[in-house]
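S.K.: after the sequence you'll find the predicted model.
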Amino acid sequence: MNPSPAAILTGHDREITCLWISAELGIVLSGSEQSLVLQHTLNGDILRSFENSSKISTPRLLLPSNDDDIIVCYDRSKLCLYTLSGKLMRQAIFEDETIQCMVLKVDSQYTVIGGDRGFVQIIRTHDLQPVYAYPQCDASDQKKQYVLVPGGAGFIGSHCVIELITAGYAPIVVDNEHNSSAECLKRVEQITGCQIINYKIDCLDLENLRNIFKKYLIYAIINCAALKSVGESVQKSILYYKNNIGCLLNLLTCMEEFNVKNFLFSSSATVYGTPKYLPLDEKHPCIGDAITNPYGKSKYICEHILKDTIVAHPEWNIILLRYFNPVGAHKTGLIGKDPIGKSNNLMPYIAQIAVGRLPYGNIFGTHYDTSDGTGVRDYIHVVDVAIGHIAAMKQFEMNCGLKVSYSVLEMIKALEKVSGKIISYRECSRRPGDLATVYADSTLAAQELGWTAQRNLDEMCEDLWRW
């Protein structure tokens with residue numbers, strides 16, 4: 001091996017900052033401070049210099065393609081595309097980024113650029129236009145686990161946000177505020193002392209949803225976004241199918257595109273249809289034709305979509321939580337169920353009567369085969385539901401219930417006891433889709449998660465009345 005140099009390159013009078021050699025093309029490219037890029041032969045002869053509009057920028061990286069083009073990175077943020085003859089073809093500036101590396105992909109059609117704070121983008125080589133940006137994070141982000149909470153400004157979602165923060169997660173709320181308000185999240189900030197990342201968008205808007213996944217490295221999704229009135233779903237079935245199923249499909253699409261593998265779905269006890277036995281456990285059959293309303297059927301269809309998804313993506317973690325009538329409010333009295341318009345849920349409905357917003361309430365059906373003729377349900381404190389979400393993040397489909405059931409009249413009497421108010425009501429005929437008795441067996445959640453509901457009916461009513 002000859003220790004003598006094969007050639008000496010001249011033309012630079014400042015420090016060389018980058019160098020590229022091609023034996024195949026027989027050329028050497030070199031850059032130095034104050035913008036100069038030169039092309040030499042392997043013998044050291046200068047062939048040409050590359051023009052640059054800025055005379056104070058410094059070339060840092062050189063990347064020739066298979067199409068006789070050359071990408072030069074100046075000052076870590078400006079890219080210039082040249083022909084081998086030295087003609088400037090394109091320029092692109094990546095504001096606030098520091099490009100540290102460039103790699104050609106797919107026969108030089110695309111270039112991957114990477115830099116500080118997890119910056120990674122794919123650009124088209126021929127025009128330097130970005131085609132994809134990977135979620136970006138800095139050192140502090142890498143310590144966080146971002147959890148996307150569609151419907152996070154709603155009743156259950158807002159309580160989940162509080163428990164996520166308590167457990168050390170960083171929630172990102174996405175909510176169209178159809179039946180919620182940003183004021184709720186301001187109160188969550190007051191309770192937690194943390195600023196909430198919040199986007200007022202609809203999950204049916206796939207492009208805006210994608211933008212969130214591009215910006216944050218999402219660890220998991222807790223999907224609380226849905227239309228959920230049993231009675232309304234009978235009248236507006238198309239709207240319910242379009243919204244509830246469409247939102248789920250958009251979220252799953254983003255999960256595939258951005259490699260998110262953890263998903264918790266807020267399902268419903270309505271997927272069981274008319275009970276064949278009580279209490280309901282997870283082994284109870286879910287038969288679509290037995291479900292009595294479009295809301296329940298939309299949840300049933302969503303569950304089957306998720307079960308098919310886990311077959312296609314066995315590496316994903318998908319959890320189904322079937323709710324049984326969450327009630328109550330946060331113990332601070334700052335957040336609770338405050339629907340826009342008249343409530344479709346029993347406890348907020350009778351609470352509005354107790355505070356004088358409504359003169360009386362309607363009891364839909366007083367001749368069911370129950371102890372007092374009114375419908376019987378399993379009610380659970382919303383905080384217990386939210387804590388159940390955190391416990392379930394690593395598990396699978398489970399019921400969230402108290403395993404104790406109460407009739408409509410019993411719930412009215414319980415709130416009367418706590419509030420000291422008389423709640424007026426009148427008896428009405430049954431609503432389409434309503435069942436006589438539904439309550440849960442949550443044994444599986446206790447066995448697998450160590451989770452059981454801790455708050456009884458008195459606490460549910462006390463927290464609701466405080467709210």
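M.R.: Received, thanks.
S.K.: just the strands in the stretch 201-350 of the chain please.
M.R.: 218-223, 262-268, 317-323, 326-327 (DSSP state E, counting those that start in this stretch).
S.K.: make JSON lines out of those and add mean pLDDT.
M.R.: Listed next are the strands of the stretch 201-350 of the chain as JSON lines, based on pLDDT from 0 to 100:
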{"stretch": "strand 218-223", "mean pLDDT": "95"}
{"stretch": "strand 262-268", "mean pLDDT": "92"}
{"stretch": "strand 317-323", "mean pLDDT": "86"}
{"stretch": "strand 326-327", "mean pLDDT": "84"}
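S.K.: for those strands, which one ends up most surrounded?
M.R.: Highest mean neighbour count among those (mean count of other C-beta atoms under 10 Å): strand 326-327, with a mean of 25. In this view, the C-beta of every residue, glycine as well, is placed from N, C-alpha and C.
S.K.: now tell me what touches the lengthiest helix in the chain from outside.
M.R.: For the chain, the helix with the greatest residue count under DSSP state H is helix 237-258. Contact partners of helix 237-258, identified using C-beta atoms under 8 Å, 6 or more residues apart in numbering, comprise 135, 148, 150, 202-206, 209-210, 213-214, 218, 221, 223, 225-227, 232-233, 260-261, 263, 265, 294-295, 297-299, 301-302, 305-306, 309, 313, 316.
S.K.: list only buried entries from these.
M.R.: Buried members of the contacts of helix 237-258, scored by 16 or more other C-beta atoms under 10 Å, are 135, 148, 150, 202-203, 209, 213, 218, 221, 223, 225-227, 232-233, 260, 263, 265, 294-295, 297-299, 301-302, 306, 309, 316.
S.K.: cross those against helices and list the overlap.
M.R.: In this view, the buried ones among the contacts of helix 237-258 that belong to helices under DSSP H are 209, 213, 232-233, 294-295, 297-299, 301-302, 306, 309.
S.K.: now the two most distant members of those.
M.R.: Farthest pair in those (C-beta to C-beta) is 213 and 232. Separation: 30.8 Å.
S.K.: partner strands of the one helix or strand residue 20 maps to and their direction?
M.R.: Per DSSP states H and E: residue 20 is located in strand 16-22. Applying DSSP bridges, strand 16-22 is found paired with strand 27-32 (antiparallel).
S.K.: distance from the chain centre to the partner strand, please.
M.R.: Relative to its chain's centre, strand 27-32 lies at 47 Å (C-alpha atoms, centre = their mean, to the nearest Å).
S.K.: swap in stretch 253-270?
M.R.: Its chain's C-alpha centre and that of stretch 253-270 lie 8 Å apart, by C-alpha atoms, centre = their mean.
S.K.: what do you get for stretch 72-87?
M.R.: 38 Å.
S.K.: ok, back up a step: gap between the longest helix of the chain and the chain center?
M.R.: Worked out by C-alpha atoms, centre = their mean, helix 237-258 lies 12 Å from the chain centre.
S.K.: check stretch 29-48 too.
M.R.: Centroid displacement of stretch 29-48 relative to its chain, using C-alpha atoms, centre = their mean, is 50 Å.
S.K.: and it, which residues are buried?
M.R.: Buried, per 16+ other C-beta under 10 Å, within stretch 29-48: 29-32, 34-40.
S.K.: which members of those define the maximum pairwise distance?
M.R.: Top of the distance list for the buried residues of stretch 29-48 (C-beta to C-beta): 34 and 40, 18.3 Å.
S.K.: wasn't residue 24 part of a strand?
M.R.: No. Residue state for residue 24 (DSSP: H, G, I helix; E, B strand; the rest coil) corresponds to coil; a strand is not indicated.
S.K.: and it, how far from residue 384?
M.R.: Taking C-beta to C-beta, to the nearest Å as the measure, residue 24 falls 68 Å from residue 384.
S.K.: contacts for stretch 164-174 next, please.
M.R.: 144-153, 157, 160-161, 185, 192, 194, 196-199, 201, 203, 209, 212, 216, 218-219, 222, 225, 389-390.
S.K.: I figured residue 226 hits residue 265, correct?
M.R.: No. With contact taken as C-beta atoms under 8 Å, residue 226 and residue 265 are classed as non-touching, separated by 9.7 Å.
S.K.: what about the closest residue to residue 204 other than its chain neighbours, neighbour count?
M.R.: Spatial nearest neighbour of residue 204, chain neighbours left out: residue 246 (5.2 Å); criterion: C-beta to C-beta, 6 or more residues apart in numbering. Applying other C-beta atoms under 10 Å, we find 15 residues neighbouring residue 246.
S.K.: what of residue 420?
M.R.: 8.
S.K.: same deal with the one 10 residues further on?
M.R.: Counted with other C-beta under 10 Å, the neighbours of residue 430 add up to 14.
S.K.: in contact with it, which residues?
M.R.: If a contact means C-beta under 8 Å, 6+ apart, then residue 430 has 364-365, 368 as its contacts.
S.K.: got TSV for these, with pLDDT too?
M.R.: What follows is the contacts of residue 430, written out as TSV (pLDDT from 0 to 100):
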residue	pLDDT
364	80
365	82
368	81
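S.K.: which ones among these lie within strands?
M.R.: Within the contacts of residue 430, residues falling in strands by DSSP state E are residue 364.
S.K.: dump the contacts of residue 430 to JSON lines, plus distance to residue 120 and neighbour count.
M.R.: Formatted as JSON lines, those follow (distance: C-beta to C-beta, whole Å; neighbours: other C-beta atoms under 10 Å):
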{"residue": "364", "distance to residue 120": "56", "neighbour count": "17"}
{"residue": "365", "distance to residue 120": "58", "neighbour count": "19"}
{"residue": "368", "distance to residue 120": "59", "neighbour count": "18"}
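S.K.: for my notes, confirm residue 63 occurs in a helix.
M.R.: No. Looking at residue 63 with three-state DSSP, it is strand, so not inside a helix.
S.K.: and it, what does it touch?
M.R.: By C-beta under 8 Å, 6+ apart, the contact list for residue 63 reads 20, 70-73, 102-104, 111.
S.K.: repeat the analysis, applying 10 Å as the threshold.
M.R.: 18, 20, 29, 69-73, 79, 81, 101-104, 108, 111, 113, 125 (C-beta atoms under 10 Å, 6 or more residues apart in numbering).
S.K.: and for residue 75?
M.R.: 35, 54, 56-60, 93, 98-99.
S.K.: write the PyMOL selection for whichever of those are buried.
M.R.: Of the contacts of residue 75, the buried ones can be selected in PyMOL as follows, counting by 16+ other C-beta under 10 Å:
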select buried, resi 35+57+58+59+60+99
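S.K.: can I get the contacts of residue 75 in a markdown table including distance to residue 289 and secondary structure?
M.R.: Formatted as a markdown table, the contacts of residue 75 follow (distance: C-beta to C-beta, whole Å; DSSP: H, G, I helix; E, B strand; the rest coil):
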| residue | distance to residue 289 | secondary structure |
| --- | --- | --- |
| 35 | 73 | coil |
| 54 | 70 | coil |
| 56 | 74 | coil |
| 57 | 69 | coil |
| 58 | 71 | coil |
| 59 | 69 | strand |
| 60 | 66 | strand |
| 93 | 60 | strand |
| 98 | 60 | coil |
| 99 | 58 | strand |
